[in-house]
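Engineer: For reference, the sequence and a predicted model appear below.
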Amino acid sequence: MSDPGLLAQAVAAIKPLGLNYAFLLDLGERQAFLRGLVVTLELCLLTIPCSLAAGVAMAAALTSRRGWLALPARAFVEVTRNTPTLVQLYCAFLVLNMLITRQLEGVGGNPLTPFVWVVIVVAIHKGAFHAEALRAGIEAVPQVTLEAARSLGFSQRQLLWRVELPLAVRFALPSLVNNLVDLVKMTAVASAIAVGDVTYESIMIWTQRDNVLELLLLILLYFGVLTWLVSRAGSWLEGRLRMPGYGQ
Amino acid sequence: MRITVPGRRFDPRQHPWWVALAAVLAVIGTWVATGTTPVALVFLWQWTPALLWGLLTNIKISVLAMALGTIAGLVVGALSLSPLRFLRMLTRWYVQFFRNAPVLVLIYFTTYVFPFELHIVKWTVPFPDWIKVVLGLALPTSAVVAEIFRGAIQSIPSAQWEAAQSLAFRRTEIFRLIVLPQCLRRMLPPWMNLYASITMSTALASLVGAHDVVDTAQIASNTVARTDFTVLVYFTLLGVFFAYCYPIARATRALERRHARY
């Protein structure tokens, strides 16, 4: 971290405003907070691709013509969208994890840590939202375009890969980016099952030092930066994928 | 869509929810009659009043947060359309801040920043945790309602504004007689969506000590201390929230379909 003298000066400069950032001068607490920042970043970086993959898989199941695939997928998406993430996390971690641990007791223990469970649950939860956005995108592809492609001799697979998916992704992109911003904010629930993310480390620090407001300001700043980065990336991608004649 | 032809007898495929309910009641009836109810379900039956009381807390929090947030959001939304550039900038920062903040962090903020009890003149009034959660949830609600309101007003074609002005309507009259009645219809589906989302966020109240349904389920699970009951009670939690939020989602979709214009 930076020169301790400089940090002490910065802390002393902010003190007259009524904000006590003395915890930054303590090595243990400062490192715990920085670890929390890194864990939150790791959670976001892992969950974003996993949720997109889950979303594509669920969207494929939802729009499939096979009833045995579409109906359970629909039921799963509805349940996931209409129940709180926290309760889903508890069901996964306190219930499924406990059952898995019991089963694997003799065979070498449960390899799934709370961090992995947070990634799984948040990825699946957001994947359901991505699936709805992608389904709306797929249904927004004009039938005329598909018929024209078919009349030009595109096979079913070529139709999907070269015509339907590119258009569907472009239509769904604003919703997908919105969902990803929500996902970044949702990683804060990881603190409920003691994953060492920035919210959890802050709770540990403020129970000792009672500087809740200062820590919350730092957390809000950090999440603000992360969500800003995600929406900037989304805007850049929308700009790159823009097609003339499609209104956006 | 259900097709009913008079004289046709009951077709179970067209009433799936009633069939499911009948099946569940039949199973429960056999259990009660023969006394072979699984132990976990007996415990769940005993804990149901406590769980429903906790759910009432969640509903209380969500209704109050929605009411406060809607009023504040309408004010902020109206300010965001003001001709003064400073007000527009201020409201844009407000909306950006509260939409980019995690709800959990806002709830921690209102829980810890507000005092434990209020001293008004000579009385000491306790400041319960659930009211702090209401305030914490009202903040992002107001930001989203402001955006919904602004979006609805901006979706009214400018042709209507111009036609009204050419008919010598004053600005307040245009708002009251022409724009707002149309806006209220357009705001309803996203507003109902927001209510469902706020209800699900009330589950976070258990993390700051409010005695809601999640907290009650945790107490129940620790008291009974049986694996099968723990599994059952947590999945019941899922079912309870689903039973409350799914009808709202269905009603929202039906409303959207009815009022879809462009």
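Structural biologist: Arrived safely, thanks for sending. Residues are numbered from 1 along each chain as shown, chains lettered A, B, ... in the order given.

Engineer: tally of neighbours for residue 77?
Structural biologist: All of this is about chain A. 20 (other Cβ atoms under 10 Å in any protein chain shown). From N, CA and C alone the C-beta is placed, and that goes for glycine too.

Engineer: Let me rephrase: I mean chain B.
Structural biologist: Residue B:77: 24 neighbours (other Cβ under 10 Å).

Engineer: cool, and residue B:117?
Structural biologist: 11.

Engineer: likewise the one 4 residues further on?
Structural biologist: For residue B:121, the count of nearby residues is 4 (other Cβ under 10 Å).

Engineer: Quick check: it vs chain A, distance?
Structural biologist: 27 Å (Cβ to the nearest Cβ, to the nearest Å).

Engineer: Show me which helix or strand of chain A is least confident by mean pLDDT.
Structural biologist: None of the helices or strands of chain A scores lower by mean pLDDT, DSSP states H and E than helix A:4-14, at a mean of 81.

Engineer: How about the helix or strand following that one and chain B, any contact?
Structural biologist: Later in the chain than helix A:4-14, the nearest helix or strand by DSSP states H and E is helix A:27-62. No - counting by Cβ under 8 Å from any Cβ of the partner chain, chain B has no neighbours in helix A:27-62; the shortest distance is 10.3 Å.

Engineer: quick one: is stretch B:215-229 near chain A?
Structural biologist: Yes - shown here: stretch B:215-229 in contact with chain A (Cβ under 8 Å from any Cβ) through B:221, B:227.

Engineer: May I see the buried residues of that stretch?
Structural biologist: Buried positions in stretch B:215-229, judged by neighbour count with 16 or more other Cβ atoms under 10 Å in any protein chain shown: B:215, B:216, B:217, B:218, B:220, B:221, B:224, B:229.

Engineer: just how off-centre is stretch B:131-149 within its chain?
Structural biologist: 11 Å (Cα atoms, centre = their mean, to the nearest Å).

Engineer: swap that for stretch A:28-48, sorry
Structural biologist: Relative to where its chain is centred, stretch A:28-48 has its mean C-alpha point 14 Å off (Cα atoms, centre = their mean).

Engineer: same question, stretch B:175-195
Structural biologist: On Cα atoms, centre = their mean, the centre of stretch B:175-195 falls 17 Å from the chain's centre.

Engineer: Enumerate residues external to it that contact any of its residues.
Structural biologist: For stretch B:175-195, contacts defined as Cβ atoms under 8 Å, 6 or more residues apart in numbering or on different chains pick out B:62, B:66, B:70, B:141, B:144-145, B:148-149, B:152-153, B:155-156, B:160-161, B:164, B:169, B:248-249, B:251-253, B:255-256, B:259.

Engineer: Check which residues of that stretch are buried.
Structural biologist: So for stretch B:175-195, counting by 16+ other Cβ under 10 Å, buried means B:175, B:178-179, B:182-183, B:186-195.

Engineer: where does the chain have low pLDDT?
Structural biologist: Defaulting to chain A. Residue ranges of chain A with pLDDT under 70: A:1-4, A:246-248.

Engineer: that's the other chain; I wanted chain B
Structural biologist: In chain B (pLDDT under 70), the answer is B:1-8, B:260-262.

Engineer: And the next helix or strand past the longest helix that it contains?
Structural biologist: In chain B, taking DSSP state H as the definition, the longest helix is helix B:39-80. Using DSSP H and E, the helix or strand that directly follows helix B:39-80 along the chain is helix B:85-100.

Engineer: CA-only coordinates of that following helix in PDB, if you can.
Structural biologist: Provided in PDB are the C-alpha atoms of helix B:85-100 (Å, rounded to 0.1, in the frame of the first residue of the first chain):
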ATOM      1  CA  ARG B  85     -30.700  22.900 -15.200                       C
ATOM      2  CA  PHE B  86     -29.400  22.900 -11.600                       C
ATOM      3  CA  LEU B  87     -32.500  20.900 -10.400                       C
ATOM      4  CA  ARG B  88     -32.300  18.500 -13.300                       C
ATOM      5  CA  MET B  89     -28.600  17.800 -12.500                       C
ATOM      6  CA  LEU B  90     -29.300  17.400  -8.800                       C
ATOM      7  CA  THR B  91     -32.100  14.800  -9.400                       C
ATOM      8  CA  ARG B  92     -30.000  13.000 -11.900                       C
ATOM      9  CA  TRP B  93     -27.200  12.500  -9.300                       C
ATOM     10  CA  TYR B  94     -29.800  11.400  -6.700                       C
ATOM     11  CA  VAL B  95     -31.200   8.800  -9.100                       C
ATOM     12  CA  GLN B  96     -27.800   7.600 -10.200                       C
ATOM     13  CA  PHE B  97     -26.600   7.300  -6.600                       C
ATOM     14  CA  PHE B  98     -29.500   5.300  -5.300                       C
ATOM     15  CA  ARG B  99     -29.800   3.000  -8.400                       C
ATOM     16  CA  ASN B 100     -26.100   2.100  -8.200                       C
END
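
Engineer: And the strands in chain A, which stretches?
Structural biologist: With DSSP state E, there are no strands along chain A.

Engineer: how about the residues of it near chain B?
Structural biologist: So chain A meets chain B at A:78-79, A:81-88, A:90-91, A:94-95, A:98-99, A:102, A:181, A:185-186, A:188-189, A:191-192, A:199, A:203, A:206, A:212-213, A:216, A:219-220, A:223-224, A:227-228 (Cβ under 8 Å from any Cβ).

Engineer: Tell me the buried residues within the contacts of stretch B:175-195.
Structural biologist: Buried among these by 16+ other Cβ under 10 Å: B:62, B:66, B:70, B:141, B:144-145, B:148-149, B:152-153, B:156, B:164, B:169, B:248-249, B:252.

Engineer: tell me, which of the residues you listed make contact with chain A?
Structural biologist: Okay, of those touching chain A (Cβ under 8 Å from any Cβ), that's residue B:249.

Engineer: quick one: which of the buried ones among the contacts of stretch B:175-195 sit in helices?
Structural biologist: B:62, B:66, B:70, B:141, B:144-145, B:148-149, B:152-153, B:164, B:248-249, B:252.

Engineer: Need the nearest residue in space to the residue positioned nearest the centre of chain A, chain neighbours excluded.
Structural biologist: Centre of chain A computed as the mean C-alpha position; nearest residue by Cα atoms, centre = their mean is residue A:183, 3.2 Å away. Nearest residue to residue A:183 in three dimensions, chain neighbours excluded: residue A:126, at 4.6 Å (Cβ to Cβ, 6 or more residues apart in numbering or on different chains).

Engineer: And residue A:162, by the same measure?
Structural biologist: For residue A:162, the spatially nearest residue (Cβ to Cβ, 6+ apart) is residue A:154, at 7.0 Å.

Engineer: Phi first, then psi, for the one you found.
Structural biologist: phi -70, psi 140 (degrees, to the nearest 10).

Engineer: quick one: it and residue A:140, what's the gap?
Structural biologist: 19 Å (Cβ to Cβ, to the nearest Å).

Engineer: Of these two, give the one with the bigger neighbour count.
Structural biologist: A direct count of neighbours by other Cβ under 10 Å for residue A:154 and residue A:140 places residue A:154 higher, at 16 against 12.

Engineer: so the more buried one makes contact with residue A:163?
Structural biologist: Yes - assessed by Cβ atoms under 8 Å, residue A:154 is found in contact with residue A:163 at 6.7 Å.

Engineer: Can you verify my assumption that residue A:183 contacts residue A:48?
Structural biologist: Yes - contact between residue A:183 and residue A:48 holds when scored by Cβ under 8 Å: they sit 6.6 Å apart.

Engineer: List the contacts of residue A:233.
Structural biologist: Residue A:233 neighbours (Cβ under 8 Å, 6+ apart): residue A:177.

Engineer: Please report the distance of it from chain B.
Structural biologist: Counting by Cβ to the nearest Cβ, the gap from residue A:233 to chain B is 15 Å.

Engineer: With that, I have no additional questions.
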